[in-house]
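>>> Here is a sequence together with a model predicted from it:
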Amino acid sequence: MASPSIYEGWWDWTSFAWDNQELMADVRRLTLDDLVAISRDGFTVRLYHTPQDFYLAEALEYVRAWQRANADNPVGICGPIGPTEQLSLVAEIINDLNIDVSNGIFAGMDEFISPDGKAIGVDSPLSFKRADLELCFNRIRPELRMPDTNLFFPTEDIAAYTLPWEDAGVEWDGTQGGQGDTAHFAFNDPLRVQGDHSHRPPSVEFYANLPTRIVDLHPATIVQDARHSCAGEQWLIPRQAVTVGPREVIGRSKRISIWHPGHHASGFGIRMTTYMIANRVTDARVPMSLLALHDNVVFSLLAPKIEPAGFEMH
């Protein structure tokens, strides 16, 4: 029987921690140099020492992917809201160097779902689609930009969103993302304690095969999104979201690229998922750990902003 979470009714990483306390102690001792050292074939940890280098490198992943695209070989990248600082750099690079990205494809990673069951619209300041358009795509010169038909943002119409993911003719160069306090990627939060998972956590196989879907957001995710998006007004954050699934991310992406600027996941959380992926420890209570199933994962850390682990009272 797995231990309960500190959040009643959820199978999250705090449940995993209670069941793996020696592993947690090992994680707590890791320095940033240790994180780089435990890189392995298929999993690389990179340190950046300035925000400029960090966000420029993230932006270049978009540009380099779309540069390879042509009419016979459309190339896609799936990108997050969080981080967002790279998005305006993407547009600036494309415009300044006159790079034609008209055959590129972009898939947004997730979006909030309103109480009526529909994705929130771009009229909402919390809209991820709105952020992508305002920070990036609406800034690219029209003669260089991909058409709107090459932009795919998740909504309640999941079939429309997954069309390019299911198209074997589209090369998915990579999926970018950040890490949440629940160790999620996209909004692949831990699952509730209910139904088939009333007495034990979901299996790795079950979770890894979850497709794009509408999900309930973990309470920690709601708190975190409120802190980052609306100055802590938790009541404004919808309780559900639509998210790209592990099936698409792990199954279709040539590379999975996770960016840690230091103000999303905690220093301990970053160490935990790095350790688990490096050592191929997978558990559905720690969704990010399932990236160990993929053969090309890169963690990029903005070193000066990554908090130490351990104990210090404030």
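Cool, the structure landed.

>>> So Leu87, which state does it fall into?
Under DSSP: H, G, I helix; E, B strand; the rest coil, Leu87 falls in the helix class.

>>> contacting residues for it?
Leu87 makes contact with 59, 79, 131-132, 135-136 under the criterion C-beta atoms under 8 Å, 6 or more residues apart in numbering. All C-beta spots, glycine's among them, are computed from the backbone N, C-alpha and C.

>>> and if you look at Asp295?
By C-beta under 8 Å, 6+ apart, the residues touching Asp295 are Gly42.

>>> Same check on the one 5 residues further on?
Taking C-beta under 8 Å, 6+ apart, we find Ser300 in contact with 46, 48, 54, 57-58, 257-260.

>>> now with 10 Å?
Applying C-beta atoms under 10 Å, 6 or more residues apart in numbering, we find Ser300 in contact with 44-48, 53-54, 57-58, 61, 176, 257-261.

>>> coming back round to it: could you identify the buried members of the contacts of Leu87?
59, 79, 131-132, 135-136 (16 or more other C-beta atoms under 10 Å).

>>> Quick check on the contacts of Ser300: which are buried?
Those of these that meet the buried threshold are 44-48, 54, 57-58, 61, 176, 257-261, by 16+ other C-beta under 10 Å.

>>> Out of the residues you listed, flag the one nearest to Glu156.
Gln176 (23.7 Å; C-beta to C-beta).

>>> Off-centre distance for the host helix or strand of the closest one?
Assigned by DSSP states H and E, Gln176 belongs to strand 171-177. On the basis of C-alpha atoms, centre = their mean, to the nearest Å, strand 171-177 sits 11 Å off its chain's mean C-alpha point.

>>> likewise stretch 123-142?
Distance, stretch centre to chain centre, for stretch 123-142: 18 Å (C-alpha atoms, centre = their mean).

>>> could you give me the average pLDDT of that stretch?
Average pLDDT, stretch 123-142: 97.

>>> What's the end-to-end length of that stretch?
22 Å (C-alpha to C-alpha, to the nearest Å).

>>> Ok, stretch 269-289 next?
By C-alpha to C-alpha, the extent of stretch 269-289 from end to end equals 11 Å.

>>> quick revisit: what about the buried ones among the contacts of Leu87, which are in helices?
59, 131-132, 135 (DSSP state H).

>>> Just the closest of these to Gly180, please.
For those, the residue nearest Gly180 by C-beta to C-beta is Ala131; the value is 16.6 Å.

>>> Relative to Arg252, how far out is the closest one?
24 Å (C-beta to C-beta, to the nearest Å).

>>> Quick one: low-confidence residue ranges for the protein.
The chain contains residues with pLDDT under 70 at 1.

>>> which residues of it fall in helices?
13-19, 21-28, 32-37, 51-67, 85-96, 128-135, 158-166, 204-208, 219-229, 246-252, 267-278.

>>> which strands and helices sit next to the third one?
Read it as helix 32-37. Applying 3 or more C-beta pairs under 10 Å, 6 or more residues apart in numbering; DSSP states H and E, one finds that helix 32-37 contacts strand 43-48, helix 267-278, strand 297-302.

>>> mind listing what's buried in that helix?
32, 34-36.

>>> State the number of residues packed around the nearest residue in space to His49 that is not next to it in sequence.
Nearest residue to His49, sequence neighbours excluded (C-beta to C-beta, 6 or more residues apart in numbering): Ala303, at 5.4 Å. For Ala303, the count of nearby residues is 17 (other C-beta atoms under 10 Å).

>>> same check, this time on the one 5 residues further on
Taking other C-beta under 10 Å as the criterion, the count of residues near Pro308 is 13.

>>> Give me the phi and psi angles of it.
Dihedral pair for Pro308: phi -70, psi 160, per degrees, to the nearest 10.

>>> Val27 touches Ile277, doesn't it?
No. Using C-beta atoms under 10 Å, Val27 makes no contact with Ile277, being 12.0 Å away.

>>> Look at those two and report which has more neighbours.
The neighbour count for Val27 versus Ile277, taken as other C-beta under 10 Å, is higher for Ile277 (28 against 21).
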